[in-house]
Structure formats: structure tokens, C-alpha cells
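Colleague: sequence first, predicted coordinates after that:
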Amino acid sequence: MRPEEAVLAICVLTTAAAGAWLYLLAAHGGYWRTSHRLPPARPAFGPLPAVTVVIPARNEADILPGCLPSLLSQEYSGPLTVILVDDDSSDGTAKTAAELGEAPGAAALTVIAARPAPAGWAGKVWAMAEGVRAAGPDAEYILFTDADIAYSAGTLTRLTRAAAAGDFAMVSQMALLRAASPAEKFLIPAFVYFFAQLYPFSRVSRPRSRTAAAAGGCMLVRTEALAAAGGLRRISGARIDDVALGKLLKRAGGRCWLGLTTEVTSARPYPRLADIWNMVARSAYTQLHYSLAATAAAVLGLAWLYLLPPAAGLAGLIMLATSAGAPAAGPLWLAAAGLAGWLMMTLTYVPMLRLYRLSPLRAPSLPLIAALYASMTADSARRHRRGRGGEWKGRVIAPGG
């Protein structure tokens, strides 16, 4: 291929990437906006519904004291019980939880040990099912949450009011993740950004849209809707339980809502790059259905969408700066298309940075962040192919549903 033909090919690819960013900015469900928040419920004076909180917990003794009390002290005026399911912990998780439940004024807390998971069940989904079994038939709603999640005062009341007013089968809120260390500030907001790009929250919340997902840290589910959809046994093998649950309920005809919040927060620390890398590599290959072809497509797609525009834009500027005479059409085209794509991706990332109270000046670094996530995705495939995929707290999960 002659140099002129190579430049033309790169110009076409870069223009296509810029066009993709124009679509993402203008027509992809407004995924980049952070204003999709819990719909306000009309004032209601009737009794609040009975809620059972189910917390699957595996080796969470260290993090429970900072999170569990926020649920036990919700001052929810309706019937409220909290069930912590000890998922074969070895660090005293059950003992720590029981001690926290003895605090004055705390909601009723029951700590149970999960029975051994039957064949074909993913560990967390089985622990969730054990919590549902212990909840009994009286709970109108079940709040599935995680041991590292903390709730602001009144959050549970607002969740249930919104769920009842909207007749939702599920109301799910994406917890505000911890972004304290340099690695967290650099990578964690982008984790939520990429999730929203895959599953635009406004589309998840639209009944006629086929997009379905949920955020596992906070999922308030109407018990009747879960039973009508076949229960958790229908997703027994799911390794990404929140997305699977969202799809199960929505395909069964339930109305679902997913949005952002600052009232539900995660205390889970990922202080080093290696910690975030392991978190992503644990599940990325599962999300891609254990397909090498899909993994290759995802990595190449990230490179085309995120890396090509800034690389092409900078290359075009360098060619223009070093050329003699009148500017050539190729470098001009390359610079314009590349910089336009880079600018649009930068603009879409600014709201997420503001949500996390970080400087918008970080936004142009999104291509580098995407390159790191692409590397984590490729590493996820490598780990699974070597039999070490899905490792979490000493448990290695074999490929499943």
C-alpha cells in the first residue's frame, strides 16, 4: 500500500470513529449524563411495605463495621428485617455482624450460614437465594445489597416509595464507588462510565427498550415479581448476577429502573492499580461469554473508538507542522477528524468526573484509561484460559451461565 493510500485508509477509519462518537454523544440514551436519578415519589401517607434486606457476605469482617450499621439504623417505619448470609467465611464475618446487630435501636438482624451450593449454582447467587428462603413469604420487597455498601439516612424509605409509586419490579441504584487513592481517581469513574455506555440507564428504565441491567450493590426487588419470573433459580449459574437479574425481571414483563445516586456508597477499597486490574479481569471474560472472538472484537473496538482519534489527530498535526508549502488534504482531514472524535469523547466524560468531584482536566486522559481497560479485558481471557478466571477471595469460579 502506498503512503497516500495508507493515509486515506486511516482518515476513513478516523472519520468513522468520530461519527461513532457523534452518535454516542447525541443518540445513545444520554449514557454520559449523570442526571438519571431516583424518580421522586408522590407524598404517601399509607404504611410502608415490608422489606427484607439480604446481604451475601464472604470474608467481610473488616468492612462490615463501616457499612452494616447504616442499614440497621435506617429508621424505616415499615416492617424491616436484615438477613446477612455468611458465605463460607473464614474471618469471623458472622460474629462481627451479630455484634453489630446488638447496637441499641438497630433493626432486626438475622445471621445465617449458607448451605453448600448445589451443582450449577454460582456462589453469590446461591447466597442470595438462601437469604430469600430465610426471608419467608411476608416480605413485599427484598433489597439485595453487598457488605461494602453504606446507605444515607432515609434512603430505604425513598427507594420503597419510588418502587411502589412506579409499580417497579426492581429499582436499582449504582452506588458511588470509592475514589480516594490515585489509582481509584484515575480508573474508577471510568468503570461506571463504561458500564453506563454498555447499559444506558435511561434505556434500562424504559419499559419498551430491550436494554436490561442492574447494579448489584443496591437492587430493591418486588418479591411477587421475582417469583413470577421464576425466582433466582432461573439465573442460578450467573457470574454477573446483577445484569442477569435485570434481564430476568424485564423479560418477564417487569418494569425496572436503574440510575445513579450519591446516597448509596461503596467502601470497597481498590488502592492500587493491581487491585482494580484484578477486579476487572475477574469478570470481563465472563461478560464476553467466554468467547475469544468477542474478546478480540472488544479490544479492537476499544482501540478504534478510543485510541485512534487522539493518535490520528496528533499525527495529523505533526504532519501539518513538518510539511513544506500548502497544507495537504490528508493531514488536514486526519487532524480534524481525530481531534473532533477526541473532543467528543472528552465531553462525554466530564459529567462523570464531576459526579466524583474530580477535575474535568482529567477528561482528555480517557483514551489512556480505555487502553488499560482493554489490557485488563485481554488479561481476563488469558486467566480464564489458564483456569484462574473469576477468582474471588480464594474461590475460583468455573465458566458458567
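Modeller: It's in. Residues are numbered from 1 along each chain as shown.
Colleague: shaky segments in this structure?
Modeller: The chain contains residues with pLDDT under 70 at 1, 41-45, 325-327, 389-401.
Colleague: which strands or helices does the helix or strand that contains V350 pack on?
Modeller: Element membership for V350 (DSSP states H and E) is helix 329-355. On a contact count with 3 or more C-beta pairs under 8 Å, 6 or more residues apart in numbering; DSSP states H and E, helix 329-355 meets helix 3-27, helix 182-198, helix 308-322, helix 366-385. Heads up, the C-betas are built off the backbone N, CA and C, glycines and all.
Colleague: doesn't G216 make contact with A238?
Modeller: No - contact criterion C-beta atoms under 8 Å: A238 and G216 do not qualify, at 10.7 Å.
Colleague: picking up where we left off before, what about the helix holding V350, distance to the chain center?
Modeller: Centroid displacement of helix 329-355 relative to its chain, using C-alpha atoms, centre = their mean, to the nearest Å, is 25 Å.
Colleague: in a markdown table, list the helices and strands packed on helix 329-355 along with mean neighbour count.
Modeller: Formatted as a markdown table, the helices and strands packed on helix 329-355 follow (neighbours: other C-beta atoms under 10 Å):
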| stretch | mean neighbour count |
| --- | --- |
| helix 3-27 | 16 |
| helix 182-198 | 19 |
| helix 308-322 | 18 |
| helix 366-385 | 19 |
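Colleague: would you reformat these as JSON lines and include distance to R234?
Modeller: As requested, those are arranged in JSON lines below (distance: least, C-beta to C-beta, whole Å):
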{"stretch": "helix 3-27", "distance to R234": "32"}
{"stretch": "helix 182-198", "distance to R234": "22"}
{"stretch": "helix 308-322", "distance to R234": "41"}
{"stretch": "helix 366-385", "distance to R234": "24"}
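Colleague: and of the ones you listed, who's closest to L80?
Modeller: helix 182-198 (28.6 Å; C-beta to C-beta).
Colleague: which strands and helices sit next to the closest one?
Modeller: Using 3+ C-beta pairs under 8 Å, 6+ apart: helix 182-198 touches strand 170-176, helix 273-287, helix 329-355, helix 366-385.
Colleague: and the angle for it with helix 329-355?
Modeller: In terms of direction (axes from the mean of the first three to the mean of the last three C-alpha atoms, to 10 degrees), helix 182-198 departs from helix 329-355 by 110 degrees.
Colleague: please shift the residue numbers so they start at 45 in all later answers.
Modeller: Taking 45 as the first residue, the last one we looked at is helix 226-242.
Colleague: can you give me the offset of the helix or strand that helix 226-242 is followed by from its chain's centre?
Modeller: Scanning forward in sequence from helix 226-242 by DSSP H and E, the next helix or strand is helix 245-248. Between the centre of helix 245-248 and the centre of its chain there are 13 Å (C-alpha atoms, centre = their mean).
Colleague: just checking, L336 touches A425?
Modeller: Yes - counting by C-beta under 8 Å, L336 touches A425, with 6.2 Å between them.
Colleague: the stretch 145-294 of the chain: strands as residue ranges?
Modeller: Along the stretch 145-294 of the chain, counting by DSSP state E, counting those that start in this stretch, strands occupy 152-157, 185-189, 193-195, 214-220, 262-266.
Colleague: looking at these, which is closest to A347?
Modeller: strand 214-220 (26.6 Å).
Colleague: name the helices or strands packed onto that closest one?
Modeller: In terms of contacts (3+ C-beta pairs under 8 Å, 6+ apart), strand 214-220 is packed against helix 199-209, helix 226-242, strand 262-266, helix 285-295, strand 300-310.
Colleague: in TSV, list the ones you listed along with distance to Y400.
Modeller: Converted to TSV, the helices and strands packed on strand 214-220 look like this (distance: least, C-beta to C-beta, whole Å):
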stretch	distance to Y400
helix 199-209	19
helix 226-242	5
strand 262-266	17
helix 285-295	21
strand 300-310	10
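Colleague: Serialize the strands of the stretch 145-294 of the chain to JSON lines and add fields for mean neighbour count and distance to A328.
Modeller: Below are the strands of the stretch 145-294 of the chain laid out as JSON lines (neighbours: other C-beta atoms under 10 Å; distance: least, C-beta to C-beta, whole Å):
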{"stretch": "strand 152-157", "mean neighbour count": "16", "distance to A328": "31"}
{"stretch": "strand 185-189", "mean neighbour count": "25", "distance to A328": "22"}
{"stretch": "strand 193-195", "mean neighbour count": "23", "distance to A328": "22"}
{"stretch": "strand 214-220", "mean neighbour count": "27", "distance to A328": "18"}
{"stretch": "strand 262-266", "mean neighbour count": "26", "distance to A328": "21"}
